[in-house]
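In: What follows is a predicted structure for the sequence shown.
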Amino acid sequence: MKEYRDKVVAITGCASGIGMELVRQLAAKGAKFSLADIGDDRLAAFQQELEAQGVEAIATHVDVRDPEQMEAFAARTYDKFGRVDYCFSNAGISAVGNAWKMPLSDWHWLLDVNVMGPAHAIRAFIPRMIEQDSECCFIITASAAGFVTAWGGAGYSASKHAVIGLAEALEGDLQKAGAKVKSYVITPAYVQSNLHNSFDYRPEAEWDSKDPAYEDDDFNAAFGRSVKSTSADGGVGIPTQDAVQAILKGLDEDHFIIMTHPQYGPIIEARYHNLMTGVRPVYKG
Ligand SMILES: NC(=O)c1ccc[n+]([C@@H]2O[C@H](COP(=O)([O-])OP(=O)(O)OC[C@H]3O[C@@H](n4cnc5c(N)ncnc54)[C@H](O)[C@@H]3O)[C@@H](O)[C@H]2O)c1
């Protein structure tokens with residue numbers, strides 16, 4: 001079992017969804033928090049909610065795409081608490097679309113948030129976590145889309161495949177360095193959150209909502225599926241509370257890969273078997 005009482009949790013992307021619920025459940029176990037998100041109003045409201053419950057929490061505006069903001073987040077966290085026991089690199093976004101029609105700016109946005117975000121967190125936090133010389137955990141939220149793929153999900157899948165590899169290679173580097181930090185990777189499947197509304201988090205100047213790519217039938221089909229995947233309103237996702245209970249159980253059991261949907265295990269095994277035996281993927285619907 002992991003201990004959370006008086007432990008310090010740093011977490012990105014915690015003003016919504018899985019990150020917010022992780023904080024709520026860890027707060028109930030007695031942790032303290034250094035919170036980060038790009039959504040300032042939601043973040044401030046969440047910090048106030050926690051403080052009203054007597055939970056110690058500081059909040060920092062961080063766009064995980066910016067290495068300087070990530071460095072400032074780590075510095076502020078260590079100034080305040082002097083340590084981090086659990087660092088969750090959780091912020092992530094979803095953009096969908098056919099692999100050759102998705103706007104280039106969406107490709108960059110996906111890879112900058114979902115891959116460079118964790119890379120920036122590693123660069124800012126891991127040296128400090130090694131230096132503190134105590135057992136601690138660095139946890140990246142990837143996705144089941146890092147193991148399986150779907151039409152209309154090329155960019156998201158590429159980003160989540162990348163961070164599973166990143167987390168695994170990080171574990172190798174940590175072991176080689178003799179560090180007391182362990183790497184973990186969370187691979188949720190469908191969980192109720194605001195992930196289907198990721199475009200709302202995106203600065204308006206960075207994209208063109210009138211791009212014809214967003215009128216395309218393939219885009220609309222993939223977007224409809226993403227709404228169904230994570231919307232709490234009639235979607236197929238499991239409640240966020242259940243997903244986070246599964247995540248904390250996986251962490252307690254020291255699983256390197258932490259799944260929210262164990263039923264994906266055989267699907268992933270079958271996919272790897274097919275890949276290794278040269279079978280071409282077949283997509284339906
Ligand atoms: N919900 C699911 O079904 C599901 C499945 C697989 C993986 N995931 C992953 O879980 C993680 C959390 O997503 P969620 O489902 O809770 O979605 P969410 O949209 O509810 O929460 C994501 C949070 O990240 C923040 N964020 C977005 N861009 C940011 C940036 N550039 N810098 C800092 N913060 C930023 C948002 O403001 C938001 O608060 C993501 O990495 C996502 O890819 C979710």
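Out: That came in fine, so what should we check first?

In: what about the closest residue in space to Val185 that isn't next to it in sequence, distance to Leu251?
Out: Closest residue to Val185 apart from its sequence neighbours, by CB to CB, 6 or more residues apart in numbering: Ala167 at 3.8 Å. Every residue, glycine included, has its C-beta placed from N, CA and C. Counting by CB to CB, to the nearest Å, the separation of Ala167 from Leu251 is 13 Å.

In: any residues in contact with both of these two?
Out: By the contact definition CB atoms under 8 Å, 6 or more residues apart in numbering, Ala167 and Leu251 are jointly contacted by Tyr184.

In: more neighbours, those two?
Out: Between Ala167 and Leu251, counted using other CB atoms under 10 Å, the more crowded position is Ala167 (25 against 20).

In: And that one, how far from Ala121?
Out: 11 Å.

In: Spit out the residues that contact those two alike.
Out: Listed as contacting both Ala167 and Ala121 by CB under 8 Å, 6+ apart are Ile140.

In: and this structure, which of its residues are near the ligand?
Out: Residues of the chain found near the ligand (CB under 6 Å from any ligand atom) are 12-13, 15-19, 37-39, 62-65, 90-93, 113, 141, 143, 188, 190-191, 193-195, 198, 201, 229-230, 237.

In: Swap in 5 Å and give it another go.
Out: Applying CB under 5 Å from any ligand atom, one finds that the chain approaches the ligand through 13, 15-18, 37-39, 63-64, 91-93, 113, 141, 143, 188, 190-191, 193-195, 201, 230.

In: Can you flag which of these belong to helices?
Out: Gly17, Ile18, Thr230 (DSSP state H).

In: Run through the residues that contact the last one.
Out: If you count contacts by CB under 8 Å, 6+ apart, Thr230 has them with Ser94, Tyr190, Val191, Gln192, Ser193, Asn194, Leu195, His196, Gly237.

In: what about the closest residue to it other than its chain neighbours, distance to Lys176?
Out: Distances taken as CB to CB, 6+ apart place Leu195 nearest to Thr230, at 4.4 Å, with adjacent residues excluded. According to CB to CB, Leu195 and Lys176 sit 34 Å apart.

In: Settle it for me: which of the two has more neighbours?
Out: More neighbours surround Leu195 than the other of Leu195 and Lys176, with 23 against 8 (other CB under 10 Å).

In: Now do the contacts for that one.
Out: Residues counted as contacts of Leu195 (CB under 8 Å, 6+ apart) are Gly17, Gly92, Ile93, Ser94, Ser226, Ser229, Thr230.

In: Report all helices and strands that the one helix or strand Ser159 maps to contacts.
Out: Using DSSP states H and E, Ser159 sits in helix 154-176. If you count contacts as 3 or more CB pairs under 8 Å, 6 or more residues apart in numbering; DSSP states H and E, helix 154-176 packs onto helix 104-111, helix 117-132, strand 136-141, strand 181-187.

In: Buried residues in the first one, which are they?
Out: In this case it means helix 104-111. Asp106, Trp107, Trp109, Leu110, Leu111 (16 or more other CB atoms under 10 Å).

In: any idea how far the closest residue to the second one other than its chain neighbours lies from the ligand?
Out: By that I understand Trp107. Spatial nearest neighbour of Trp107, chain neighbours left out: Gly155 (5.4 Å); criterion: CB to CB, 6+ apart. Separation of Gly155 from the ligand (CB to the nearest ligand atom, to the nearest Å): 12 Å.

In: quick one: pLDDT of Gly155?
Out: Gly155 is assigned a pLDDT of 97 by the prediction.

In: wait, doesn't it sit right on Ile93?
Out: No: the pair Gly155 / Ile93 is not scored as a contact, 10.1 Å apart, by CB atoms under 8 Å.

In: Give the residues shared as contacts by these two.
Out: Contact criterion CB under 8 Å, 6+ apart; residues shared by Gly155 and Ile93: Leu110.

In: how far is the lowest-mean-pLDDT helix or strand in the chain from where the chain is centred?
Out: Counting by mean pLDDT, DSSP states H and E, the chain has its least confident helix or strand at helix 217-230, which shows a mean of 89. Its chain's C-alpha centre and that of helix 217-230 lie 20 Å apart, by CA atoms, centre = their mean, to the nearest Å.

In: and what of stretch 110-129?
Out: Put simply, stretch 110-129 sits 11 Å off its chain's centre (CA atoms, centre = their mean).
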